[in-house]
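S.K.: structure here, sequence nowhere to be found:
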């Protein structure tokens, strides 16, 4: 597992890359929520009131690094994340800045 501090506009977050065979599970977690790759179930997290969004890759074929996640485009989010202002189409970095 790779853990990395991610500098956001107003705070720091924790980034994680967990190798799972041929793919990586990638997420960045703030003190208020998280943005992750497509493997995360954001609706399940919503049942616990936890803001979460998923990104799709824009500059590559898959999200395999924290940099890919930050540059990726939000493809969906749960209601808790939407209440924070997260919207489809914004970058992972923009969504994390709201969290």
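M.R.: Cool, got the structure. This one's a predicted model, so the numbers in the text were calculated from it and none came from an experiment.
S.K.: helix, strand or coil for residue 50?
M.R.: Put simply, residue 50 is coil when judged by DSSP: H, G, I helix; E, B strand; the rest coil.
S.K.: return the residues in contact with it.
M.R.: 33, 34, 78, 80 (Cβ atoms under 8 Å, 6 or more residues apart in numbering). From N, CA and C alone the C-beta is placed, and that goes for glycine too.
S.K.: look up how far residue 38 lies from the third one.
M.R.: By that I understand residue 78. According to Cβ to Cβ, to the nearest Å, residue 78 stands 14 Å off from residue 38.
S.K.: ok, back up a step: how about the contacts of residue 50 in a markdown table, adding neighbour count and pLDDT?
M.R.: As requested, those are arranged in a markdown table below (neighbours: other Cβ atoms under 10 Å; pLDDT from 0 to 100):
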| residue | neighbour count | pLDDT |
| --- | --- | --- |
| 33 | 24 | 98 |
| 34 | 23 | 98 |
| 78 | 23 | 98 |
| 80 | 21 | 98 |
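S.K.: give me the most central residue, the chain.
M.R.: Taking Cα atoms, centre = their mean, the centroid of the chain lies closest to residue 35, which sits 1.6 Å from it.
S.K.: contact partners for residue 35?
M.R.: By Cβ under 8 Å, 6+ apart, the neighbours of residue 35 are 27, 28, 52, 53, 54, 55, 69, 74, 92, 95, 96, 99.
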